[in-house]
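[1] starting from these lines, generate the structure:
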Amino acid sequence: MSEYNPCLDCGACCGYFRVSFFWGECQSAGGLVPDDLVVQINPTRVAMIGTDAKPCRCVSLEGEIGKEVACSIYANRSSPCREFEASWEGGVHNPSCDDARAAYGLPPLTPPEANEPHWPDDGAEVA
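    Now for the predicted structure:
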């Protein structure tokens, strides 16, 4: 059984941030990102189509933000996407995740331990 991935029910980051990166990540330069999904923003950087203006939504995002989403190029996604982590992944808070979620009316993610049952520590037995 695999762990729950909150990103698959969110996608807010894909509809909130500009996803820009070095052009060398494109397939034509030997990278992974398909060239037809990027737009040049300066001589050395490109951005995922749809994230280069507001309102933004990455061209590779499938589904409805805040519901069920997926990345159509997940295996070939850019470094900013690979490096962006959901808040509390690995125990680390990511305020940028919270900001993106808030823009879509989604609550911030909570640390995993906040969702675990808590038992009294007073020595009393629980029935």
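
[2] so what's the closest residue to Leu106 other than its chain neighbours scoring on pLDDT?
    What sits nearest to Leu106 in space, not counting adjacent residues and going by Cβ to Cβ, 6 or more residues apart in numbering, is Gly66, at 5.4 Å. No exception for glycine: its C-beta is placed from N, CA and C like everyone else's. Looking at Gly66, its pLDDT is 97.

[3] need the contact list for Gly66.
    Asp9, Cys10, Gly11, Ala12, Tyr104, Gly105, Leu106 (Cβ atoms under 8 Å, 6 or more residues apart in numbering).

[4] burial of the second one, as a residue count?
    By the criterion of other Cβ atoms under 10 Å, Cys10 has 22 neighbours.

[5] what segments of this protein are helices?
    79-83, 95-103 (DSSP state H).

[6] let's have those helices in a markdown table, adding mean pLDDT and mean neighbour count.
    Formatted as a markdown table, these follow (pLDDT from 0 to 100; neighbours: other Cβ atoms under 10 Å):
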| stretch | mean pLDDT | mean neighbour count |
| --- | --- | --- |
| helix 79-83 | 98 | 14 |
| helix 95-103 | 98 | 17 |
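
[7] for Met48, find the nearest of these.
    For Met48, the closest of those is helix 79-83, at 8.2 Å, according to Cβ to Cβ.

[8] report all helices and strands that the closest one contacts.
    strand 20-22 (3 or more Cβ pairs under 8 Å, 6 or more residues apart in numbering; DSSP states H and E).

[9] list the strands paired with the strand it packs on, with their directions.
    Neighbouring strands of strand 20-22 in its sheet, by DSSP bridges, are strand 45-48 (antiparallel).
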